[in-house]
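In: Provide a 3D model corresponding to the input given below.
(3 chains)
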Amino acid sequence: MPLTRVSLLKGKSPDYRRAILDSLYQAMREVFEIPEDDRFMVIEELEPENFLYGKTYLGIARDDDLVMIQIVVNNTRGPDKKKALYARIAELLAKSPGIRPENVLVNLVDVPKENWSFGMGIAQYA
Amino acid sequence: MPLTRVSLLKGKSPDYRRAILDSLYQAMREVFEIPEDDRFMVIEELEPENFLYGKTYLGIARDDDLVMIQIVVNNTRGPDKKKALYARIAELLAKSPGIRPENVLVNLVDVPKENWSFGMGIAQYA
Amino acid sequence: MPLTRVSLLKGKSPDYRRAILDSLYQAMREVFEIPEDDRFMVIEELEPENFLYGKTYLGIARDDDLVMIQIVVNNTRGPDKKKALYARIAELLAKSPGIRPENVLVNLVDVPKENWSFGMGIAQYA
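Out: Numbering: from 1, shown residues only, chains lettered A, B, ... in the order given. Below you'll find the model as predicted:
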């Protein structure tokens, strides 16, 4: 059920972008235990003037490889699971496609179970 | 007050895309009883490598006509109203522009009334 | 920590778009007291048929200069702070780049503190 949006600067290859989605999916499979094939993801490629980030906010050195990841997800995971997800996402993105952990921003948006319909006009989780 | 985002694959005609927005607006008018002219909607057209979906998640056969619909809305509707909205959206999109119900994904994000300003720097609902 | 998305019609200059982001940042600095360099913002430029808005909803006269601003933010601000933010955003955008207050739509999405990782795989606020 997660709905995932990745925002990044234009210029990365299709393979690179696909690797981001694959790593995110794997992290959510492992840590949030989402079912197989539960992947709904978009990538938004932005021109430099449409993508602005704090280069040193919180003492973290970001650069133009930054990815902003927003995941809308059921509100059934507690803070520990969320922390585990961030750690695993950073770990897997470092391996593939090779993004420095400094460049991985994640934001979760929690919603209740009745806020989803995955087709057929039905709220499958409610 | 709903803020609606439709994400789909590039390649659909302007008429087709407009029909999606019109059907969504009609469904929200009928079921959520939003006022006339309360329509704020964007469509995001994506390249194939930037749009990934589970082709059979929950046993539903999706294809490249999938539309991911995200609606940010006041938190004043209960589960029954939400279910009625999903059903009506699927029904109306099947009629116009003719989208199979399998290809209709809806995600709601609830917010409190004070989270909106519709102009003039004022929180009109709070 | 705010993650800000500005949706508008294609056709504005880079300077104009940058001015929007600068005014939003300044408003959040002043009213929400976000730290220096805490700016993570994207702009989404849309074709006319992908950008639909109520031209007179709530009696406010909008036109094609409308900006839809969505800010995901920690749930630590009450209604008064939010109202002050809307007012300040409208005020600053009127000054630079010169947007009529009628054309400023703001939507906040609140999330708990543990819903952010700003890099390194760590939930810096939790």
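
In: CA only for contacts and neighbour counts going forward, please
Out: Fine.

In: shouldn't A:Trp116 be in contact with A:Val73?
Out: No - when contacts are counted by C-alpha atoms under 8 Å, A:Trp116 is not listed as touching A:Val73 (9.6 Å).

In: When those two are compared, which one has more neighbours?
Out: Taking other C-alpha atoms under 10 Å in any protein chain shown, A:Trp116 and A:Val73 do not tie; A:Trp116 has more neighbours (27 against 21).

In: Pull up the gap between the spatially closest residue to that one that is not a sequence neighbour and C:Lys55, please.
Out: The shortest distance from A:Trp116 to any residue other than its chain neighbours is 4.7 Å, reached at B:Asn107 (C-alpha to C-alpha, 6 or more residues apart in numbering or on different chains). Look at B:Asn107 and C:Lys55: by C-alpha to C-alpha, to the nearest Å, they are 26 Å apart.

In: Chain A: strands as residue ranges?
Out: All strands of chain A, identified by DSSP state E, fall at A:3-9, A:40-46, A:51-53, A:67-74, A:104-111, A:116-117.

In: Dump those strands into a markdown table; add mean pLDDT as well.
Out: Listed next are the strands of chain A as a markdown table, based on pLDDT from 0 to 100:
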| stretch | mean pLDDT |
| --- | --- |
| strand A:3-9 | 98 |
| strand A:40-46 | 98 |
| strand A:51-53 | 98 |
| strand A:67-74 | 98 |
| strand A:104-111 | 98 |
| strand A:116-117 | 98 |
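
In: any low-confidence regions in chain A?
Out: The model of chain A has no residue with pLDDT under 70.

In: who touches A:Glu30 in this structure?
Out: By C-alpha atoms under 8 Å, 6 or more residues apart in numbering or on different chains, A:Glu30 lies in contact with nothing.

In: Apologies, that question was intended for A:Val106.
Out: Residues counted as contacts of A:Val106 (C-alpha under 8 Å, 6+ apart) are A:Met68, A:Ile69, A:Gln70, A:Ile71, A:Tyr86, C:Asn115, C:Trp116, C:Ser117, C:Phe118, C:Gly119.

In: still on that earlier bit, specify the beta-bridge partners of the residue nearest to A:Trp116.
Out: Following DSSP bridges, B:Asn107 is listed with bridge partners A:Trp116, B:Gln70.

In: Surely it and B:Lys82 touch.
Out: No - look at B:Asn107 against B:Lys82 with C-alpha under 8 Å: they stay out of range, at 10.1 Å.

In: what's the neighbour count on the residue nearest to A:Leu85 when sequence neighbours are not counted?
Out: What sits nearest to A:Leu85 in space, not counting adjacent residues and going by C-alpha to C-alpha, 6+ apart, is A:Val31, at 5.7 Å. Neighbour count of A:Val31, defined by other C-alpha under 10 Å: 18.

In: do the one 10 residues further on as well
Out: Summarising burial for A:Met41: neighbours were counted as other C-alpha under 10 Å, giving 22.

In: residues from chain A in reach of chain C?
Out: A:46, A:49-58, A:60, A:79, A:82-83, A:86-91, A:101-110 (C-alpha under 8 Å from any C-alpha of the partner chain).

In: and chain A, which residues reach chain B?
Out: Listed as neighbours of chain B in chain A under the rule C-alpha under 8 Å from any C-alpha: A:14, A:17-18, A:36-44, A:111, A:114-123, A:126.

In: Select only the buried ones of those residues in PyMOL?
Out: To isolate the buried ones among the residues of chain A next to chain B in PyMOL, judged by 16 or more other C-alpha atoms under 10 Å in any protein chain shown, type:
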select buried, chain A and resi 17+18+38+39+40+41+42+43+44+111+114+115+116+117+118+119+120+121+122+123
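
In: before we move on, back to that, between B:Asn107 and C:Lys55, which one's more packed in?
Out: Using other C-alpha under 10 Å as the criterion, B:Asn107 and C:Lys55 rank with B:Asn107 on top: 26 against 19.

In: For the contacts of A:Val106, work out which two are farthest apart.
Out: Using C-alpha to C-alpha, the contacts of A:Val106 span at most 15.3 Å, a distance reached by A:Ile71 and C:Gly119.

In: show me where chain A has helices.
Out: Under the criterion DSSP state H, helices of chain A are mapped to A:14-31, A:79-95.

In: got the contact list for the residue nearest to A:Gln124 when sequence neighbours are not counted?
Out: Sequence neighbours aside, A:Ser117 is the residue nearest to A:Gln124 in space, at 6.1 Å (criterion: C-alpha to C-alpha, 6+ apart). Going by C-alpha under 8 Å, 6+ apart, A:Ser117 touches A:Ala123, A:Gln124, A:Tyr125, B:Tyr86, B:Val104, B:Leu105, B:Val106, B:Asn107.

In: Could you check how many residues crowd around the second one?
Out: Applying other C-alpha under 10 Å, we find 15 residues neighbouring A:Gln124.

In: pretty sure it is touching B:Tyr57, no?
Out: No - using C-alpha under 8 Å, A:Gln124 makes no contact with B:Tyr57, being 11.0 Å away.

In: Give me the contacts around stretch A:59-70.
Out: By C-alpha under 8 Å, 6+ apart, stretch A:59-70 touches A:4-9, A:54-56, A:99, A:102-109, C:119.

In: now the end-to-end length of it.
Out: Using C-alpha to C-alpha, one end of stretch A:59-70 lies 21 Å from the other.

In: starting at the chain centroid, how far to that stretch?
Out: Relative to its parent chain, stretch A:59-70 has a centroid offset of 12 Å by C-alpha atoms, centre = their mean, to the nearest Å.

In: try stretch A:9-19
Out: Offset of stretch A:9-19 from its chain centre (C-alpha atoms, centre = their mean): 14 Å.

In: What residues sit buried inside it?
Out: A:Leu9, A:Arg17, A:Arg18, A:Ala19.

In: Report the contact partners of the first one.
Out: The neighbours of A:Leu9, taking C-alpha under 8 Å, 6+ apart as the test, are A:Glu45, A:Leu46, A:Glu47, A:Pro48, A:Phe51, A:Asp64, A:Asp65, A:Leu66.
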